[in-house]
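1. Provide a 3D model corresponding to the input given below.
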Amino acid sequence: MEKRWPQSPPTNQQNVPDPSRSFKPLKPIPRGTRGYGLIQIAQMTLGSGNMQLAVELPAGEDLNEWLAVNTIDFYNEISILYGVLAEFCTKESCPIMSAGPKYEYLWADGHDIKTPLKVSAGEYIDFLMTWVERQLNNEVVFPTKPDVPFPKKFASIIKVIFKRLFRVYAHMYHSHFHHIMTLGLEYHLNTCFKHFIFFIDQFKLVDPKELAPLAELIQQFKARKQQVS
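-> Numbering: from 1, shown residues only. From the prediction side, this is the model:
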């Protein structure tokens, strides 16, 4: 029996998590810097309510630039969401990093930690978000100067980032959705995750088998997308 998550209907006033409780420092894209114009486009189209339009590459824009600004945006969003749940994600309540009874994740980054480690969910997500933060702050991977090109392996790095960020969503849904509902954040979580799924689907960033822990929820989102289109 697949797990089902309630779908909250939109209302005029929705609870949103407090950004000041972000799990990791938010990564800004300041006015006048590379990517600022694109992130403004992304936020405007997302605000229009058209999720499909919000993920599509704007006409005439560079794909890598679009991937970069959205990766930063998704990282910030997940950091804010998990930040309000971190106090519930303890070694006692979440001794392993899991997404339901069938899926367990061991941490290894291939650099500092090469042998996969079995750690608590909180430790895993800390490792994961720190690793992503390091990529975002690496000028070789995410250049901020206008004339500096993206690395040749940029697309591969982006795919690893999104694969790992998905695991945070999977854990939040499977282990902390009751906390999300208590905080009144279920509609916000669903909206953020739907945006995330539409984006990775648009650019084929994550292997479908990696999405299995939330396959039913993803199918619900895609079914509604087809009905609208």
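
2. Mind naming the longest helix for the protein?
-> Assignment by DSSP state H gives helix 154-182 as the longest helix of the chain.

3. Just want the angle from the helix or strand just after that helix to helix 154-182.
-> Next in sequence after helix 154-182, counting helices and strands by DSSP states H and E, comes helix 186-203. If you take axes from the mean of the first three to the mean of the last three C-alpha atoms, to 10 degrees, helix 186-203 sits at 160 degrees to helix 154-182.

4. For helix 186-203, which helices and strands make contact with it?
-> The contact analysis (3 or more C-beta pairs under 8 Å, 6 or more residues apart in numbering; DSSP states H and E) places helix 186-203 against helix 51-55, helix 63-83, helix 154-182, helix 215-228. C-betas here are computed from N, CA, C, even on glycine.

5. export those helices to JSON lines and tack on mean neighbour count and mean pLDDT?
-> Shown next, in JSON lines, are the helices and strands packed on helix 186-203 (neighbours: other C-beta atoms under 10 Å; pLDDT from 0 to 100):
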{"stretch": "helix 51-55", "mean neighbour count": "17", "mean pLDDT": "87"}
{"stretch": "helix 63-83", "mean neighbour count": "21", "mean pLDDT": "96"}
{"stretch": "helix 154-182", "mean neighbour count": "19", "mean pLDDT": "97"}
{"stretch": "helix 215-228", "mean neighbour count": "13", "mean pLDDT": "80"}
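
6. Tell me which of those helices sits nearest to residue 98.
-> Across these, residue 98 has its closest neighbour in helix 154-182 (6.8 Å, C-beta to C-beta).

7. Other residues contacting stretch 133-147?
-> Stretch 133-147 has contacts (C-beta atoms under 8 Å, 6 or more residues apart in numbering) with 24-25, 27, 33-35, 68, 71-72, 75, 148-151, 154, 157, 161.

8. Pull out the buried positions in that stretch.
-> Within stretch 133-147, the residues that count as buried by 16 or more other C-beta atoms under 10 Å are 135-136, 141-143.

9. Could you work out the end-to-end span of that stretch for me?
-> Stretch 133-147 has an end-to-end distance of 23 Å (C-alpha to C-alpha, to the nearest Å).

10. So for stretch 97-113, mean pLDDT?
-> Mean pLDDT, stretch 97-113: 94.

11. how far does stretch 37-46 sit from the chain's center?
-> Taking C-alpha atoms, centre = their mean, to the nearest Å, one finds stretch 37-46 lying 17 Å from the centre of the chain it belongs to.

12. Show me what counts as buried in it.
-> 37-39, 42, 45-46.

13. between the residues you listed, which is closest to residue 56?
-> The closest of these to residue 56 turns out to be residue 45 (C-beta to C-beta; 8.2 Å).

14. Once you drop chain neighbours, what's closest to the closest one?
-> Spatially, and ignoring its direct neighbours in sequence, residue 45 is nearest to residue 54 (4.3 Å; C-beta to C-beta, 6 or more residues apart in numbering).

15. got the contact list for the one you found?
-> Counting by C-beta under 8 Å, 6+ apart, residue 54 has contacts 42, 45-46, 48, 195, 198.

16. ok, now residue 174?
-> Taking C-beta under 8 Å, 6+ apart, we find residue 174 in contact with 3, 98-100, 213.

17. if you set the cut-off to 10 Å instead, what comes out?
-> Residue 174 is in contact with 3, 5, 98-103, 213-214, counting by C-beta atoms under 10 Å, 6 or more residues apart in numbering.

18. about what we covered before: with distance to residue 188 added, can I get the helices and strands packed on helix 186-203 in TSV?
-> Rendered in TSV, the data for the helices and strands packed on helix 186-203 read as follows (distance: least, C-beta to C-beta, whole Å):
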stretch	distance to residue 188
helix 51-55	14
helix 63-83	8
helix 154-182	9
helix 215-228	15
